[in-house]
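any chance you could fold what I've pasted below:
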Amino acid sequence: MATIYEVSKLAGVSLATVSRVTSKNTKVSDKTRQKVLDAMKELDYRPNSIAQSLASNRTNSVGILVSELHGPFFGLMMAGIEEELRVAGKHVIITTGHSDEEKEKDGIDFLISRNCDALILHVEAVTDEYIIELCKGKTPIFLMNRYVDGLNENCISLDNELGGYLATKAIIEKGHSDIAYIAGPQFKDDAQDRLAGHKRALAEHNMPFNNDLFYIGDFREAGGIDGIKYFINNKSNFTALVCANDEMAAGAMIHARENGITIPNELSIIGFDNIILARYIYPKLTTIVNPIDEMGHMAAKLVLKHVYQQKDLLIQHAFQPVLITRDSVFDLK
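Numbers count the residues shown, from 1 in each chain. Here you go, the predicted structure:
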């Protein structure tokens, strides 16, 4: 196996120059870099990642913890993070927490044990106090889709309360007053905030919150099916359904059609997230845009700026949801 010394000799440069090229240091001219790369190719030289880590005190790896690998939401988030880091020559190690406190803590311990240079966490069960204490350790911690007081510079978050408000407000402005709501699991901050936004829109229009038109789902398609079944079986009177995410909205639409309910003429439905599914189900789903892929890119930039010292990166910590109107809401006016 070729060594760095042989590459140095063949390229006619110093060991330090070869090291700068293999670590993607920009302080090497294009001509010199190419000489080193050509020598590496001729000798079939592969840099020793362990040796590089010992020398630089960096593994060039970033740990990512997400709640699930299931569904398009987390796929978009992870893709955004990985794409941004890969361009910078960094790699990701991914594990899951399944929205369970012990599993989240176990996943975090695993990533720290892998000597990741930083962690990007999408955690829902661990407490703010745990996160604050975690941030006192040696491994830099950054949060996705969560805001913790005192850690604002480490957080990338969405105004979920505003999103919930915009969804219900859009339904009300179309003339609907009998509005059912399928919420996400209420131990999750984003689900709580979206419900709070829904209630704010109702109160703003002097509409009472009706517990008979409220169901707590699981953020999955099955939760939407179970929710609309609950309302139908209880013979609830409603002309519109607000769902706390698109997967539950899709499930509700499937069950409605299977029971002869026409969308949107007999039932208007709105979702949240704007996952790719929303553009292809029939009718196309009116929803709230949750730019999770952009947020993923931004979380990666946060790491690149604060851990890898990349300059001139503009960081946006707070993202705003917007309404996107398609075909699943009927105007009663």
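
when you work out contacts or count neighbours from here on, use the C-alpha atoms and nothing else.
Fine.

what are the ranges of the helices in the stretch 101-250 of the chain?
Counting by DSSP state H, counting those that start in this stretch, the stretch 101-250 of the chain has helices at residues 101-113, 128-134, 160-173, 189-204, 221-233, 246-258.

to residue 148, which of these lies closest?
helix 128-134 (6.3 Å; C-alpha to C-alpha).

pull out the buried positions in that closest one.
Using 16 or more other C-alpha atoms under 10 Å as the test for burial, helix 128-134 gives 128, 131.

got a list of contacts for it?
Helix 128-134 is contacted from outside by 141, 148, 151, using C-alpha atoms under 8 Å, 6 or more residues apart in numbering.

picking that back up, now the helices of the stretch 101-250 of the chain in CSV, with distance to residue 62 and mean pLDDT?
Below are the helices of the stretch 101-250 of the chain laid out as CSV (distance: least, C-alpha to C-alpha, whole Å; pLDDT from 0 to 100):
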stretch, distance to residue 62, mean pLDDT
helix 101-113, 9, 96
helix 128-134, 16, 96
helix 160-173, 27, 98
helix 189-204, 25, 97
helix 221-233, 31, 97
helix 246-258, 29, 96
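
can you redo the ones you listed as a markdown table with distance to residue 326?
Output for those, formatted as a markdown table (distance: least, C-alpha to C-alpha, whole Å):
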| stretch | distance to residue 326 |
| --- | --- |
| helix 101-113 | 37 |
| helix 128-134 | 37 |
| helix 160-173 | 12 |
| helix 189-204 | 20 |
| helix 221-233 | 19 |
| helix 246-258 | 13 |
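
so for residue 10, which of the ones you listed sits nearest?
Here helix 101-113 is closest among the helices of the stretch 101-250 of the chain (C-alpha to C-alpha), at 38.1 Å.

and that closest one, what's buried?
Result for helix 101-113 [16+ other C-alpha under 10 Å]: buried residues 103-104, 107-108, 111-112.

re earlier: filter the contacts of helix 128-134 down to the buried ones, ChimeraX style.
Buried subset of the contacts of helix 128-134, written as a ChimeraX selection, criterion 16+ other C-alpha under 10 Å:
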select :141,148
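
which parts of the stretch 1-150 of the chain are strands?
Taking DSSP state E, counting those that start in this stretch, the strands of the stretch 1-150 of the chain run over residues 61-66, 91-96, 118-121, 141-144.

how much space separates residue 199 from residue 232?
22 Å (C-alpha to C-alpha, to the nearest Å).

now do the buried residues in stretch 283-293.
Neighbour count says stretch 283-293 has 283, 285-293 buried, by 16+ other C-alpha under 10 Å.

and it, how far out from the chain's middle?
14 Å (C-alpha atoms, centre = their mean, to the nearest Å).

what of stretch 284-304?
That offset, for stretch 284-304, works out to 6 Å (C-alpha atoms, centre = their mean).

pLDDT (mean, whole number) over that stretch?
The pLDDT scores in stretch 284-304 average 97.

dump it to PDB, restricted to CA.
Extracted as PDB, the C-alpha positions of stretch 284-304 are listed here (Å, rounded to 0.1, in the frame of the first residue of the first chain):
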ATOM      1  CA  LYS A 284     -54.200  17.900  -4.800                       C
ATOM      2  CA  LEU A 285     -53.900  18.900  -1.100                       C
ATOM      3  CA  THR A 286     -54.100  22.400   0.200                       C
ATOM      4  CA  THR A 287     -51.500  22.600   2.900                       C
ATOM      5  CA  ILE A 288     -49.000  24.600   4.900                       C
ATOM      6  CA  VAL A 289     -45.400  24.700   3.600                       C
ATOM      7  CA  ASN A 290     -42.900  23.400   6.200                       C
ATOM      8  CA  PRO A 291     -39.500  23.900   4.500                       C
ATOM      9  CA  ILE A 292     -37.900  21.000   6.200                       C
ATOM     10  CA  ASP A 293     -35.300  20.500   3.400                       C
ATOM     11  CA  GLU A 294     -34.200  24.100   3.600                       C
ATOM     12  CA  MET A 295     -34.100  23.800   7.400                       C
ATOM     13  CA  GLY A 296     -31.900  20.700   7.000                       C
ATOM     14  CA  HIS A 297     -29.500  22.600   4.800                       C
ATOM     15  CA  MET A 298     -29.400  25.400   7.300                       C
ATOM     16  CA  ALA A 299     -28.700  23.100  10.200                       C
ATOM     17  CA  ALA A 300     -25.700  21.700   8.200                       C
ATOM     18  CA  LYS A 301     -24.500  25.300   7.600                       C
ATOM     19  CA  LEU A 302     -24.700  26.000  11.300                       C
ATOM     20  CA  VAL A 303     -22.300  23.100  11.900                       C
ATOM     21  CA  LEU A 304     -20.000  24.200   9.100                       C
END
